[in-house]
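1. how does the following fold in three dimensions:
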Amino acid sequence: MRPPDGLWRRRVASFGHAGRGVWSALRSEVHLRFHALATVVVIGLGLYCHITRLEWALVAIAVACVWSAELMNTAIEALTDLASPAWHPLAGKAKDVAAGAVLLAALGALVVGALVFGPYFFNA
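-> Numbers count the residues shown, from 1 in each chain. Alright, predicted model coming up:
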């Protein structure tokens with residue numbers, strides 16, 4: 001059974017669209033560039049400490065959660081600005097809640113980082 005013509009091309013193209021979205025957010029969002037730098041630092045620490053496969057998995061999940069939350073926050077802010085160019089309390093609430101999601105993801109990642117890397121640096 002063959003997929004419909006063009007299905008694979010559309011699926012591959014969707015990765016390109018997603019990549020452009022991430023790149024666009026990286027260019028425009030200072031916080032996402034901070035998260036990119038933090039990701040590089042965490043990968044470097046992981047290599048330096050020779051963390052285990054499970055620890056890599058936990059770090060990867062934490063990093064992915066922060067990036068996902070930041071990208072969703074960026075999308076929500078852009079849509080909110082489009083839908084409500086003038087200030088509106090619900091628009092402000094939407095932006096604040098989205099930013100709160102990023103904060104919680106970042107705090108969770110910080111806890112994961114402390115639990116994974118702490119023993120390598122503060123082993124008693």
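2. show me the shaky parts of this protein.
-> 1-5, 124 (pLDDT under 70).
3. in it, which spans are helices?
-> Listed in chain order, the helices of the chain (DSSP state H) span 7-28, 30-49, 53-83, 89-121.
4. now those in a markdown table, with mean neighbour count?
-> Quick note: C-beta positions are derived from backbone N, CA and C, even for glycine. A markdown table is the format used below for those (neighbours: other CB atoms under 10 Å):
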| stretch | mean neighbour count |
| --- | --- |
| helix 7-28 | 11 |
| helix 30-49 | 14 |
| helix 53-83 | 16 |
| helix 89-121 | 15 |
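5. from the centroid of the chain, which residue is nearest?
-> The chain has Trp67 as the residue nearest its centroid, 0.3 Å off, counting by CA atoms, centre = their mean.
6. for that residue, what are its contacts?
-> 32, 35, 39 (CB atoms under 8 Å, 6 or more residues apart in numbering).
7. ok, it to Ile61 distance?
-> 11 Å (CB to CB, to the nearest Å).
8. next one: Ala106
-> 14 Å.
9. do Thr74 as well
-> From Thr74 to Ile61 the distance is 20 Å (CB to CB).
10. same thing with Val41?
-> Distance from Val41 to Ile61, by CB to CB: 17 Å.
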